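Student: using only what follows, build the 3D model:
(chains A and B)
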Amino acid sequence: MFKHIVAAFIVAVLFSANAEAGGAVLVMNSSAASLSVIDIDSQTEISRIPVLREPHHWTLTPDNRELLVGDTVANEMLFLDPVTFAVRRRLPISDPYQLGFSPDGKLLVVTALARAQVDIYEAGSYKLVKRFALKSMPSHLDFSPDSAMVFISLQGTDRLAAIDLRKMALAWDMPVGRAPAGVIWHNGKVMVANMGSDDVAIVDPRDGRVTERLKIGKGAHTLFRSPDGKQLWVNARIDSTATVLDAKTLKPIRIYKLPGGPDDLVFAPDGKIWFTLRFAHKVAVLDPISGNFTTIAVGRSPHGIYLNPLGRATK
Amino acid sequence: MISALDLVAGWVQENLLLPALYAVGLMQWEDIAFGWALFAVYGAVQVALTFAVCLPLERWRPVERWPDAAAVWVDVLYTFIARVGLLPLVTFVLFYRLQTALNGALTDQGWVPPTLERLIPVLFGHPILTFVLYVVILDFAEYWRHRLSHIFTWWYSLHALHHAQRQMTFWSDDRNHLIDDMIGFAFATAIALLIGIPPLQFPLLVLVLRFLESLSHANVRLRFGWLGERLLVSPRFHRAHHGVTAAGLASVNYGAVLPWWDMIFGTADFSREFVTTGDPTAEEALATGGFFVQQWVGLRRMLRG
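Tutor: Now for the predicted structure:
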C-alpha cells in the first residue's frame, strides 16, 4: 500500500504548481455504508457515495488507473475512477477487508477478517489463484519489496503469518504480540503494531522471530511511512496518539494527541496529514509543524482514507 | 439526532469499551465492539422512546388494571438484556466461530453470499428503498419463524415463556427464552447467507421498527382503524395472538410488523377485541417466576417435549 501512497505523492509533486488547487479525499465510512468525498481546499464534504454495507480499505491498481475499495459485508470490490471517484464496476469478492497489490503488480492479496481467509488473486483478471485459511482474523498486510512474501497480521491469535507468493505456501506463522494489527516492511524487517499492548514488534522476515520491541502507546494500531521515507507514523487506539519515529533510528520524534480513535492516515502534498477518527466520525487534518488540527465531520466510523491531489469529484 | 447518538456510541467505545478490552487482553474484538456500542446506545434510546410513548398510553387507556404488577418487572429485565446489548453480545460470541467457519466453508465451495441489491440490480444507489424491501422480506421470514415456533411442540415449549405473561405490557416484547432467541439469531444468520442483511447502517429505522413491535404488546386499547390494521400490526391485532384461546399450537396473528402474511396465509383474525392474555397450559413459574426460574422451567419443558 505504501507504494501507492508514494505514487500519489509523486503525482502531487509533479503537479505542485497547481498544489493549491485542491484535489479531493475519499473516506470509507465503515458503519454508514458510504464514501465521503471531501474537497481539500474548502475542507468540506461535497458528496457522499452510497455503497452496500461496510467499506473499509482501498488500494490503487499498479497502473494507478483504478481505485479498489473493499466492501466486506457486501462481499464486493468496487472499482472507482481515482480522480472523479465514480464507481465503474463491482466484482463479487469474498469479504474484502485489507487489500494490496504485490510490488511487481502481478498479484492482489485480500484479507477476509470475518472469514479467516487470505485470498490471492491474479491482478487484472482477478481470478482466484489460491486461498489460505488462516486463524484467526487476518487483518493488515504488507509485502517484501521483491514481491516474494506477504506478511499478514492474525489479529485473533497474536501471530504474524508469512506467505511465500512464489511457492504459494505458508512460510511461517509466529507469535509477535497481542492482537497484532498494522504491518509494514521497513529496512529489511517487518514491523507489526500490537494493538493489545503498547509496542511495535520488529520481526525477522526470514523466520518470524521478534528481534526487538519498541514502546509506542497503548493500542498501537497502524503504521505508515512518510512520503520522503524519513519518518514512520504509528497510531495508537487506546492512547489516541500518533507517534512519529525517525525511520533510521526508530526513536520517537514527536507524539500528537488525536482524540477520537486515529486509524488510517494519508499524507497531503501541502504537508498536512489526514487521519480518520473512527469513534468521532470525523477526519482530522493535522499540521505536523504546529501540532494543531482541524476536523471535518464524515459518516459513521470512518476507516480507510485516500487522497488524490488531482481529485475533482463534484457535488 | 443520528449523529448525536453516533457520538455517544463513539464515546462509549473510546472511553469504556476499548480500555476494558485492552485491560482483559481482548483487543482483537475492538472493531466488533463498536458495532455493539452502536447497538447498545440505539437500544437504550429505543427503550427510552418506548417508555416515553407507551407508558402514557397504557396509563391513558389500559386494557386491564392490575392491583399488583410485580410480574411485569421480569419483562423489564428481559428488555434491557435484549435491547441494551447483553444478549446480542453473548449470542454473537457463541456464534462467531461457527459463523466464521460456515462462511469460510461456503466460500471455499464458491458461494459468495449475495446481497439483495446484487439480485435486484435496480436497487443499487437506493439504500432507503432497499431497506424497506429488506424489512418486508425479513418480516416475512419472521412470520414463518414465529409460526414454526408454534407448530413444533419442543419449540413452543420454549416460546410458551413469551405467551405465559398474563400482565402483557410494552415491556413483554423481549420476554423470550434465551435458546429461543439464539434460534432466532441462527435463523437471521441463514437469511444473511441467502440475501445479506444490512447491519447497523440504518439504526434509526431499526429503532422505529422495534418501537412498533413493543407498541404491539402494550396494554392499551388502541386500534389503527380498518385500513391501518391491515397495514401495520396494532396492539389489538397482536393481543389476539397472545389471547388465552390462541396460546399454543393453533394461534393466529403471527406477524411482527406487517399483518400481510397473516392475511395471505389465512392466519389473520381481526375480530377479537382486546382479549385476556396468557397461556393456561404453561406452568405458573413461566408466568410469575423470576428470570432464572423461567429459563430453567422453559428448558426443562423443552427437554421433556
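Student: which parts of chain B sit against chain A?
Tutor: Proximity of chain B to chain A, by C-beta under 8 Å from any C-beta of the partner chain, involves residues B:3, B:6-7, B:9-11, B:13-14, B:18-19, B:22, B:25-28, B:30-31, B:34-35, B:38, B:99-101, B:103-104, B:107-108, B:112-115, B:117-118, B:125, B:127, B:196, B:198-201. (Glycine included, C-beta is placed from N, CA and C.)
Student: got a list of what the residue of chain B found nearest chain A touches?
Tutor: Per C-beta to the nearest C-beta, residue B:10 is where chain B lies closest to chain A, at 3.4 Å. Neighbouring residues of residue B:10 by C-beta atoms under 8 Å, 6 or more residues apart in numbering or on different chains: A:260-261, A:278-281, A:301, B:34, B:37.
Student: phi, psi for the most centrally placed residue in chain A please.
Tutor: Geometric centre of chain A, nearest residue: residue A:264, 5.9 Å, by C-alpha atoms, centre = their mean. Main-chain dihedrals, residue A:264, degrees, to the nearest 10: phi -80, psi 160.
Student: I figured it hits residue A:305, correct?
Tutor: Yes - here residue A:264 reaches residue A:305: they are 5.1 Å apart, a contact under C-beta atoms under 8 Å.
Student: overlap in contacts of these two?
Tutor: A:275-276.
Student: now do the contacts for residue A:80.
Tutor: Contacts for residue A:80 (C-beta under 8 Å, 6+ apart) come out as A:26, A:66-69, A:86-88.
Student: secondary structure, neighbour count and distance to residue A:242 for those - can I get that in CSV?
Tutor: Formatted as CSV, the contacts of residue A:80 follow (DSSP: H, G, I helix; E, B strand; the rest coil; neighbours: other C-beta atoms under 10 Å in any protein chain shown; distance: C-beta to C-beta, whole Å):
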residue, secondary structure, neighbour count, distance to residue A:242
A:26, strand, 24, 21
A:66, coil, 16, 29
A:67, strand, 23, 24
A:68, strand, 23, 26
A:69, strand, 25, 24
A:86, coil, 11, 32
A:87, strand, 18, 31
A:88, strand, 12, 33
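Student: could you find the closest non-adjacent residue to the residue of the stretch 201-315 of chain A found nearest chain B?
Tutor: Nearest to chain B, among the residues of the stretch 201-315 of chain A, is residue A:279, at 3.4 Å (C-beta to the nearest C-beta). Among residues not flanking residue A:279 along the chain, residue B:10 sits closest, at 3.4 Å (C-beta to C-beta, 6 or more residues apart in numbering or on different chains).
Student: pull out the buried positions in the strand or helix carrying the one you found.
Tutor: Assigned by DSSP states H and E, residue B:10 belongs to helix B:2-12. For helix B:2-12, a neighbour-count test (16 or more other C-beta atoms under 10 Å in any protein chain shown) marks B:5-10, B:12 as buried.
Student: tell me, how many residues neighbour residue B:137?
Tutor: Residues near residue B:137, counting by other C-beta atoms under 10 Å in any protein chain shown, number 15.
Student: and it, that one's in a strand?
Tutor: No - the assignment for residue B:137, made by DSSP: H, G, I helix; E, B strand; the rest coil, is helix rather than a strand.
Student: what pLDDT does the residue nearest to it when sequence neighbours are not counted get?
Tutor: Spatially, and ignoring its direct neighbours in sequence, residue B:137 is nearest to residue B:195 (6.7 Å; C-beta to C-beta, 6+ apart). pLDDT, the model's per-residue confidence, is 79 for residue B:195.
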